[in-house]
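Novice: have a look; sequence and predicted model below, questions after that.
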Amino acid sequence: MPFTSSKLTYKAYAYKNGNYPIELIDETIDLVKDPQGTYVAPPGKILLKINYAALNPVDYKLYHIKPSILRFYNCKQGFGRDFSGEVVSIGKNTSTSVNVGDFVQGIYTPILDKGSCAQYLLVDPKHCPVTTKPTNISLAQAAAWPLVLGTAMQLGKGLDYKDSKVLVLGAGTSVGRYVVQLAKLGGAREVVTTNSARNKDLISELGATEQIDYRQHPNFLNPVLENVKNSGKFNFIIDCFGGTHLFPEINHILVKNGAYHTIVGDSPGHGLDAMLGGVKTISRMAFSKYGLLNYNYELRFLDNNSGWINAARELIQEGKVKIFIDKIYPFDELKQAIERLESGKAEGKVVVEVARSE
């Protein structure tokens with residue numbers, strides 16, 4: 001796609017900070033002239049024409065918690081991380097395996113810059129994972145998996161699932177669904193999950209051997225202890241839900257030197273509860289690091305530079321994991337898409353269609 005101007009102007013969603021609404025604005029990307037006289041992406045960067053952007057809870061959490069002072073740093077904070085689209089230009093000296101014309105998906109990682117809910121996006125492949133779209137999925141599906149599948153892989157990194165007993169807290173979440181699938185793929189002997197009854201058949205299909213309905217058992221400690229009595233302790237607990245339900249009896253639940261990996265920590269909420277939960281989480285991580293616990297406790301975040309995205313792509317290309325989309329919204333209905341995401345009722349990813357592929 002040739003460009004004849006040094007500035008590419010396009011539409012994008014942005015906000016000043018959490019006290020201001022998310023609005024559709026005009027954004028620009030600065031291009032550079034190549035020897036042929038046309039304008040291309042700057043050195044080391046990939047220019048993408050976005051087709052779809054998928055929303056994640058972290059997107060609106062960042063929107064709500066960013067302090068007002070950030071408007072002086074960047075008054076056009078972008079919205080969205082996940083994307084799929086077409087590579088339209090690659091800058092000089094860019095280290096990447098994708099080519100112009102490829103359809104790709106990935107994650108835009110800078111949290112104080114632009115976002116994926118935009119018509120174009122300029123990414124640095126050294127920091128933003130990007131890979132070609134699997135041939136067996138749509139572009140909408142391509143936008144729906146990078147952050148959540150990558151996070152599920154990060155939660156299980158270093159764990160040998162083969163013949164293990166695994167407890168997945170929050171199996172109905174977008175990340176939890178992938179954790180269940182990965183545990184099953186890894187050869188887990190038992191995969192016990194907490195989720196609502198409405199997801200019972202699906203979670204069973206994904207690989208759960210036993211389920212605990214958290215609506216029937218809001219404090220699911222007793223059902224977990226009952227399971228331990230029946231078939232032994234767990235090797236791993238993968239927490240996609242948050243909370244402190246299990247810690248009073250954790251040494252009776254996890255085997256010695258077992259692993260408790262979480263993406264949430266003690267409190268999934270906001271405000272003072274979240275702050276207190278954060279202190280407890282950090283303290284438990286410190287105790288674990290210095291060998292003061294009988295198990296390994298880690299709060300894990302997605303490592304964008306660890307090369308996981310190509311391994312994730314292969315899982316999808318080989319049909320080994322399922323992708324879930326709740327609903328696709330038009331580009332001009334981002335507000336409705338965010339409301340759906342915040343409702344907690346989405347069964348899969350909420351996706352925004354920026355532009356259909358030609």
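Specialist: Nice, thanks for sending it over.

Novice: thought Gly78 was touching Tyr13?
Specialist: Yes. In this structure Gly78 lies within contact range of Tyr13 using C-beta atoms under 8 Å: 7.1 Å. For glycine as for every other residue, the C-beta is placed from the backbone atoms N, C-alpha and C.

Novice: mutual contacts of the two, please.
Specialist: 115, 117-118 (C-beta atoms under 8 Å, 6 or more residues apart in numbering).

Novice: which of those has the most neighbours?
Specialist: Most neighbours among the shared contacts of Gly78 and Tyr13, by other C-beta atoms under 10 Å: Cys117, with 31 neighbours.

Novice: that one and Gln77 touch, don't they?
Specialist: No. Using C-beta under 8 Å, Cys117 is not in contact with Gln77; the gap is 11.4 Å.

Novice: re earlier: name the nearest of the shared contacts of Gly78 and Tyr13 relative to Gly243.
Specialist: Set against Gly243, the nearest of the shared contacts of Gly78 and Tyr13 by C-beta to C-beta is Gly115 (29.8 Å).

Novice: beta partners for the residue lying closest to that closest one once chain neighbours are set aside?
Specialist: When the adjacent residues along the chain are set aside, Gly115 lies closest to Gly78, with 2.7 Å between them (C-beta to C-beta, 6 or more residues apart in numbering). Beta-bridge partners of Gly78, counted by DSSP bridges, are Ala14.

Novice: kindly report the same for Thr9.
Specialist: Beta-bridge partners recorded for Thr9 (DSSP bridges): Thr28.

Novice: likewise for Phe83?
Specialist: Beta-bridge partners for Phe83, by DSSP bridges, are Gly106.

Novice: show the contacting residues for it.
Specialist: Shown in contact with Phe83 (C-beta under 8 Å, 6+ apart): 48, 50, 52-54, 105-108, 116, 121, 143.

Novice: got it, and Ile238?
Specialist: Counting by C-beta under 8 Å, 6+ apart, Ile238 touches 155-156, 166-169, 176, 179, 183, 261-262.

Novice: same question, Phe301
Specialist: 151, 154, 263.

Novice: over to Lys49?
Specialist: Neighbour list for Lys49: 1, 85-86, 88, 119-120, 355 [criterion: C-beta under 8 Å, 6+ apart].
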